[in-house]
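Novice: Okay, here's the prediction I keep looking at, along with the sequence it came from:
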Amino acid sequence: MERPFTFINSAMSADGKISTKERKQVRISGQIDFNRMDKLRAGSDAVMVGIGTVLADDPSLTVKSAELKEERIAAGKDENPARVVVDSKARTPVDADIFKKGEGKRIILISESAPADKVALLKKQATIVVAGKDSVDLKQAMSELKTQGIDRLMVEGGATLNWGMISNGLVDEIYTFLGNLIIGGKTAPTFTDGEGFSEKEIQKLELIDADKMEDGILIKWKVLANSKQ
Ligand SMILES: NC(=O)C1=CN([C@@H]2O[C@H](COP(=O)(O)OP(=O)(O)OC[C@H]3O[C@@H](n4cnc5c(N)ncnc54)[C@H](O)[C@@H]3O)[C@@H](O)[C@H]2O)C=CC1
Ligand SMILES: Nc1nc(O)c(N)c(N[C@@H]2O[C@H](COP(=O)(O)O)[C@@H](O)[C@H]2O)n1
């Protein structure tokens, strides 16, 4: 199956949390890391999040730097990479910031179980891709993104989508900024939630690089092949 080159970028606390127990967004990294993230967005064909992140944070997922936007336009691309939401039941609000802010394509990945009336509303603002019966079949969805010309995909969480992508063997690299705070809470989302691997299935990584950045560490990992997937 052909799929895009895919990486996850995330910011987590020193105890591995990506938001609070109330699922409230926390500023974990500083401006240098936000600029790095902006460059990653600008260099991608699409930026993807789960519906949990849209409902919790309402991110715009746009490129913020005017210079980087101009570079994209000069290269014949849209100002922003395509914004993709994994949303089995088509719960994306029609007034979400991904629709209100910035130019560019929007793609909503849904399952066959999504209600037709809501899908019809979303169709006015986004390309709808149906993959899977009750929840989005991520393998099928990634193959569809590839056929739509997406060669480089940035995944920005959250915890459940990160698990879904990694456990299905759909991720090539992971970039995590580890910040100088403890969030705690057993219900606060971690970098990967989902059901978790049992011992023999655990996903192995190879360290690419680790750098001190502001008051934290940027760690880059390569995801190794996993015979279980
Ligand atoms: N610090 C950071 O870098 C980031 C933190 N976050 C945080 O993450 C939290 C949201 O994470 P979650 O609640 O876990 O939501 P999520 O953003 O991972 O979305 C999960 C939802 O995606 C949908 N989905 C459909 N098909 C799926 C499949 N095959 N596999 C996995 N998911 C599928 C399901 O409805 C599922 O509930 C928020 O609190 C947000 O603030 C989100 C992005 C970045
Ligand atoms: N990389 C990173 N560092 C942090 O400290 C963060 N809090 C986040 N959060 C995610 O960034 C997204 C915001 O995007 P827009 O600014 O709206 O374009 C959002 O999904 C946050 O969860 N990321």
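Specialist: Thanks, I have the structure now. Please read these numbers as outputs of a predicted model, since none were measured by experiment. Residues are numbered from 1 along each chain as shown. Ligands and ions are numbered 1, 2, ... in the order given.
Novice: isn't Asp15 right up against Ile182?
Specialist: Yes: using Cβ atoms under 8 Å, Asp15 is in contact with Ile182, at 5.0 Å. Where C-beta positions appear, they are placed from N, C-alpha and C, glycine not excepted.
Novice: how about His221, secondary structure?
Specialist: Check again: residue 221 is Trp, not His. For Trp221, the assignment made with DSSP: H, G, I helix; E, B strand; the rest coil gives strand.
Novice: which parts of the chain sit against ligand 2?
Specialist: Contact residues, the chain versus ligand 2 (Cβ under 6 Å from any ligand atom): 11, 25-29, 37, 49, 53, 57, 59-62, 156.
Novice: try 5 Å this time
Specialist: Ala11, Gln25, Arg27, Ile28, Ser29, Met37, Thr53, Asp57, Pro59, Ser60, Leu61 (Cβ under 5 Å from any ligand atom).
Novice: Show me which of those are buried.
Specialist: Ala11, Ile28, Ser29, Met37, Thr53, Asp57, Pro59, Ser60, Leu61 (16 or more other Cβ atoms under 10 Å).
Novice: And the helices in this protein?
Specialist: Here the chain has its helices, by DSSP state H, at 31-42, 51-57, 66-74, 97-100, 116-122, 138-147, 159-167.
Novice: Name the residues of the third one that are buried.
Specialist: It stands for helix 66-74. Along helix 66-74, these residues count as buried under the neighbour rule (16+ other Cβ under 10 Å): Leu68, Lys69, Arg72.
Novice: Which stretch among the helices of the chain approaches Phe177 most closely?
Specialist: The closest of the helices of the chain to Phe177 is helix 31-42. By Cβ to Cβ, the value is 5.0 Å.
Novice: list the helices and strands that closest one packs on?
Specialist: Contacts defined by 3 or more Cβ pairs under 8 Å, 6 or more residues apart in numbering; DSSP states H and E place helix 31-42 against strand 5-12, helix 66-74, strand 205-213, strand 216-223.
Novice: Recalculate using a threshold of 10 Å.
Specialist: In terms of contacts (3 or more Cβ pairs under 10 Å, 6 or more residues apart in numbering; DSSP states H and E), helix 31-42 is packed against strand 5-12, strand 46-50, helix 66-74, strand 152-155, strand 173-178, strand 205-213, strand 216-223.
Novice: now the helices of the chain in CSV, with distance to ligand 1?
Specialist: Listed next are the helices of the chain as CSV, based on distance: least, Cβ to the nearest ligand atom, whole Å:
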stretch, distance to ligand 1
helix 31-42, 9
helix 51-57, 2
helix 66-74, 19
helix 97-100, 13
helix 116-122, 14
helix 138-147, 5
helix 159-167, 3
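Novice: Would you reformat these as TSV and include mean pLDDT?
Specialist: Formatted as TSV, the helices of the chain follow (pLDDT from 0 to 100):
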stretch	mean pLDDT
helix 31-42	98
helix 51-57	97
helix 66-74	98
helix 97-100	98
helix 116-122	98
helix 138-147	98
helix 159-167	98
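Novice: How about Glu206: what's its closest non-neighbour residue?
Specialist: Spatial nearest neighbour of Glu206, chain neighbours left out: Lys222 (4.4 Å); criterion: Cβ to Cβ, 6 or more residues apart in numbering.
Novice: So the one you found versus ligand 1, what's the distance?
Specialist: According to Cβ to the nearest ligand atom, to the nearest Å, Lys222 stands 19 Å off from ligand 1.
Novice: Check Ser113 too.
Specialist: From Ser113 across to ligand 1, the span is 10 Å (Cβ to the nearest ligand atom).
Novice: Likewise for Glu173?
Specialist: 15 Å.
Novice: Could you give the number of residues near that residue?
Specialist: Neighbour count of Glu173, defined by other Cβ atoms under 10 Å: 16.
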